[in-house]
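> mind looking at a prediction? Sequence and model below.
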Amino acid sequence: MKKLLNNPERAIEEMTEGILAAHRDVLRRSARHPRALVRAERADGKAAVIIGGGSGHEPAFLGYVGSGLADGVALGNFFASPPPDPIVAAARDSETGAGILLVYGNYSGDVMNFEMAAELLATEGIPVESLVIADDVGSAIYEERSSRRGIAGEVLAYKILGAAADQGYALSPLVGLGRQAMENCRSIGVAWTPCTLPTTGVESFALAEGEMELGIGVHGEPGVQRIAMGSADQIAEITLTTVLDDFPIAPRRVALLINGLGSTSLMELYVYLRAVMARLEKYRIEVGWVRVGELITSQEMGGCSLTMLDVDDNLLDLLRAPCYGLGWRQGC
Amino acid sequence: MKKLLNNPERAIEEMTEGILAAHRDVLRRSARHPRALVRAERADGKAAVIIGGGSGHEPAFLGYVGSGLADGVALGNFFASPPPDPIVAAARDSETGAGILLVYGNYSGDVMNFEMAAELLATEGIPVESLVIADDVGSAIYEERSSRRGIAGEVLAYKILGAAADQGYALSPLVGLGRQAMENCRSIGVAWTPCTLPTTGVESFALAEGEMELGIGVHGEPGVQRIAMGSADQIAEITLTTVLDDFPIAPRRVALLINGLGSTSLMELYVYLRAVMARLEKYRIEVGWVRVGELITSQEMGGCSLTMLDVDDNLLDLLRAPCYGLGWRQGC
Amino acid sequence: MTGRDVITLLELVAERLRDHQDELTALDNQVGDGDHGVTMVQGWSAILAAVQPLRNQPPSEVLRTAGQAFLNAVGATVGPLYATAFLRTAGAVDGKLSLGADDAGHAFEAWVEGLHARGKADVGEKTMMDVWIPAWEAFRAQRSEDLQTKLDAAVEAGWEGFQRTEAMAARKGRASRLAERSMGVADPGALSAYVILAAVGDWFKTRPGGMVLT
Amino acid sequence: MTGRDVITLLELVAERLRDHQDELTALDNQVGDGDHGVTMVQGWSAILAAVQPLRNQPPSEVLRTAGQAFLNAVGATVGPLYATAFLRTAGAVDGKLSLGADDAGHAFEAWVEGLHARGKADVGEKTMMDVWIPAWEAFRAQRSEDLQTKLDAAVEAGWEGFQRTEAMAARKGRASRLAERSMGVADPGALSAYVILAAVGDWFKTRPGGMVLT
Ligand SMILES: Nc1ncnc2c1ncn2[C@@H]1O[C@H](COP(=O)(O)OP(=O)(O)O)[C@@H](O)[C@H]1O
Ligand SMILES: Nc1ncnc2c1ncn2[C@@H]1O[C@H](COP(=O)(O)OP(=O)(O)O)[C@@H](O)[C@H]1O
Ligand SMILES: [Mg+2]
Ligand SMILES: [Mg+2]
Ligand SMILES: [Mg+2]
Ligand SMILES: [Mg+2]
């Protein structure tokens, strides 16, 4: 393993120190817990959006705290949900009377820890709602979609909910908006080179030269299927079809997120985007919004994911609203 | 080689098509040449900044065209300077009477092609100035610094000059500003895993597990020295010392750019930044501005570079000014 | 069995988990995200650090602290699971300064109930419960009143349960997304459960005074 | 030597460059950025495509078109260098419908002058000039009036020049940043220069009518 680190056991702490030293205008550490980060300036009188998850996916999840985004984040160990304490700390630091919305990916660990945090917050009399993101079409069939895991669609949720909360949505409409948006959100991932967890130094999988994993998550877990690695056009075909086929009614206008998993270059992502957009044009599906980049990564994994969100004008406005976090900055 | 591409010979074209399909609000293709891209909306009555270089470094160079950034870019083949024609095309598309500033890295190829372009533009009566970026301390000693190559410092030059040109700097003060800024700009790169050129499928170098290249460029060319790969703290020490020692007078306030070369994660870059900032604090050098990310890459190379710019208030203002390109967006 | 004894038991578990860390990593790499070895070792190290000052406290205090420490150190899937198990077990022996043979059964039951309450996994879903549930059932079903005999039965049943996970398709946790692809590889959480269980069995064996709890 | 002949010569060069592409890549990988093989092959393919319609045009027209095509297809370092060489050579034989033996010397001189004017590299700096300059000098210095003898001398001198680049430290181009580290590896641009030169020598050998230019 060749990584730019000191002691891997201290990597999350040292990263956080680096971030806080460089971005005081965006983030600060909660006095309540070292693994809880919150907006540099607390936004008052609004529902607070609290996110979190394992480390090693940077810029997720700490990159999505800031104005127009989430209010606080809890950092877990590498690929491991944070415990309830930092979640509660981020929430209590951000709470200003309008309640808390917890947003997290659908992993057994995250679900248990966030639920425990929600119980603790409720005990303190703080209104809490939860939104569990389950956008990965590759991880369960349509009929069992509530058991899907959360992948890049999570990032769209943070953006939409962060913008809506800043615009004054109260807790209950906020969670309604998020739930509805995410019901219309689908993702699928592919990967061809593995990632290495700094704490183990072990590669997550071994694939032959011509192979790739279809339906991979963001932790180097094996995908749904090991198939021959195709061209960008072929990969666009199979991923797009997988996603589109999962919509009960084909969407007419969509937002697209092409997420690089780590070592896949921007050039490749745009070659892939071109293939995706050409196919959508053929199907007469309008692309109302696009983002290409590394939004939620798996260390140096080679691969990408496609996320499609069926959008209305309101969602488009929320996606386009200004925001300023380390992982997403526009208009600020 | 495992890359998300169709025919590698067509990758640059297909990437460009993907980008143009997705970002019509930022970029358009020049009618004069398919490898020349310019701002979606021409900025009138200002000196035009034209950049360019080889492909395969995305988001460089096309990510730095947009409002508050450059006006046009010429795309070369992989790791190869563009020929004069697209440079001239981008310049002629952007020229509105206030002249052209050509900004490019100090490589024999780029120098020859941009000089030919400058001659062609001058023949047409267009005022042209050139700024050759030579920030890589690793590539030549101080006494021969004019022969240094350009690496990540180029990106700071695009930002500063793009902002200044948009603010109304005329051609001659503009080139003066750029020249002075870049005289106070130093970079150094390190790498530990190679990159693969899509067109050859060959890895750029082979290093043993514990080795790294010090003073590497952005093309996988060997560095100045092959040394033992150290911890983030050790790499910070050696890179920072190399850069600082090259300043005739130690700077008192600096802008820092930590650039990831491809597969090095954001977590690692921030662990490294932490080490760099801790040392600067010890030396009582103020950090006025920081950016961390993948600004100029070498495909999937593992490594990073450190760029330090000695800044005054004016340079800081220009770095902080709003801009909107694919590779750099803030305040827009 | 005093608080101090509980601590030495926790120490033995920590040692055994360290011995098996790479094996746990390798299994989790195949059906999960590869962190299970690190998580268990880190979590148990945190337990040891937290319980050191509690040598003179009652067992319930040690167990409660262990649960909190484990949860806060690791989060993940196993954090809430084992934290709940620890807290329930602490509750089952609350107030007692020293545990007798009788308490072992209550403690074990509370442990498994805690895991089940939190994770809602049953036998056959390819999780740690494929070790813990059969182990508890074997312990309870064992006619002998002798604690060591009962523990031996539990360890043996746990081992068999662990082995059965290899042929299972996961239904809970991260590996459940793999469905059929998870077959052929044993479950990492089941292995660490067995490692803990076996360490408990061994700890009782090596105790001065054998099976007799005071 | 008509325009059509120039085209067949260019075709032979293209073929030889394709044969050596991997070797060029390997050398450029060691001292540069690994693109030289692709660049030369791409550039020469572009030349062939551009000159095909010019079979009935004078040599100067073919050469001029070749230079433009090469430059626009590759850019890079070699684009401006060989483009300038082609344009100068075209200038040296301008207007002639067919080239005779006399013209060969002028053409060769213009070729090397073009490279030198653009790149300003001299012998000993580990570039293509370590092939072209000695080759031209051997050609000129050869007492024989026989073109093939002169060309043979040029090719031999070019080969020796190429071999000398191995021991040199680069002073021009991308490899110059390596300084001493570039020693021990021959220069890729020198190899491609030799490949071009040798192809020219061979082309003249295989011409019907041997050395006689018409
Ligand atoms: N609902 C559950 N109940 C009990 N055990 C579970 C449950 N879900 C997962 N597990 C266990 O957790 C183990 C994985 O733990 P770990 O790797 O630490 O967490 P993560 O999956 O979050 O990375 C699995 O091997 C399985 O035995
Ligand atoms: N100034 C120069 N004059 C002549 N030849 C040069 C000069 N600079 C570099 N070269 C030649 O160019 C070759 C590299 O070409 P190429 O790989 O195509 O370009 P780049 O270095 O831009 O990638 C070198 O091997 C060398 O022979
Ligand atoms: Mg995990
Ligand atoms: Mg090159
Ligand atoms: Mg795991
Ligand atoms: Mg080269």
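Looks like it arrived, so ask away. Ligands and ions are numbered 1, 2, ... in the order given.
> so in chain A, where's the weakest helix or strand by average pLDDT?
Using mean pLDDT, DSSP states H and E, strand A:225-228 stands out as the lowest-scoring helix or strand of chain A, at a mean of 93.
> contacting residues for the closest residue to ligand 5 within chain A?
Per Cβ to the ion, residue A:79 is where chain A lies closest to ligand 5, at 6.6 Å. Every C-beta, even on glycine, is put in place using the N, C-alpha and C of the backbone. Applying Cβ atoms under 8 Å, 6 or more residues apart in numbering or on different chains, one finds that residue A:79 lies in contact with A:54-56, A:197, A:219-220, C:33-35.
> list the buried residues in the least confident helix or strand of chain A.
Within strand A:225-228, the residues scored as buried using 16 or more other Cβ atoms under 10 Å in any protein chain shown are A:226-227.
> returning to that earlier point: filter the contacts of residue A:79 down to the ones in strands?
Mapping those onto strands (DSSP state E) picks out A:54-55.
> min pLDDT across the contacts of residue A:79, which one?
In terms of pLDDT, residue A:220 ranks lowest among the contacts of residue A:79, with 87.
> leaving out sequence neighbours, find the closest residue to that one.
Take residue A:220 and drop its neighbours on the chain: the residue closest to it by Cβ to Cβ, 6 or more residues apart in numbering or on different chains is residue A:204, 2.8 Å away.
> show me which residues of chain A sit near ligand 3.
A:79-80 (Cβ under 5 Å from the ion).
> what segments of chain A are helices?
Here chain A has its helices, by DSSP state H, at A:11-22, A:84-94, A:108-123, A:153-166, A:171-183, A:232-246, A:266-282, A:313-320.
> show me what counts as buried in stretch A:174-182.
A:174-175, A:177-178, A:181-182.
> quick revisit: can I get the contacts of residue A:79 in CSV including neighbour count?
Converted to CSV, these look like this (neighbours: other Cβ atoms under 10 Å in any protein chain shown):
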residue, neighbour count
A:54, 26
A:55, 23
A:56, 28
A:197, 27
A:219, 25
A:220, 30
C:33, 28
C:34, 30
C:35, 32
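> so residue A:130 makes contact with residue A:102?
Yes. Applying Cβ atoms under 8 Å as the test, residue A:130 and residue A:102 come out as touching, 4.6 Å apart.
> all helices for chain C, in order.
So, for chain C - with DSSP H - the helices run C:3-19, C:21-31, C:36-51, C:59-74, C:78-92, C:101-119, C:129-141, C:147-164, C:188-206.
> stretch C:26-34 vs chain B: in contact?
No. Stretch C:26-34 stays clear of chain B (Cβ under 8 Å from any Cβ of the partner chain), getting no nearer than 15.9 Å.
> dump that stretch to CSV, restricted to CA.
Written as CSV, here are the backbone C-alpha positions of stretch C:26-34 (Å, rounded to 0.1, in the frame of the first residue of the first chain):
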residue,chain,number,x,y,z
ALA,C,26,-10.0,-11.6,4.6
LEU,C,27,-13.5,-12.9,5.1
ASP,C,28,-15.0,-9.4,5.2
ASN,C,29,-13.1,-8.5,2.0
GLN,C,30,-14.9,-11.3,0.2
VAL,C,31,-18.5,-10.7,1.4
GLY,C,32,-18.3,-7.2,2.8
ASP,C,33,-16.1,-4.1,3.0
GLY,C,34,-13.0,-5.5,4.6
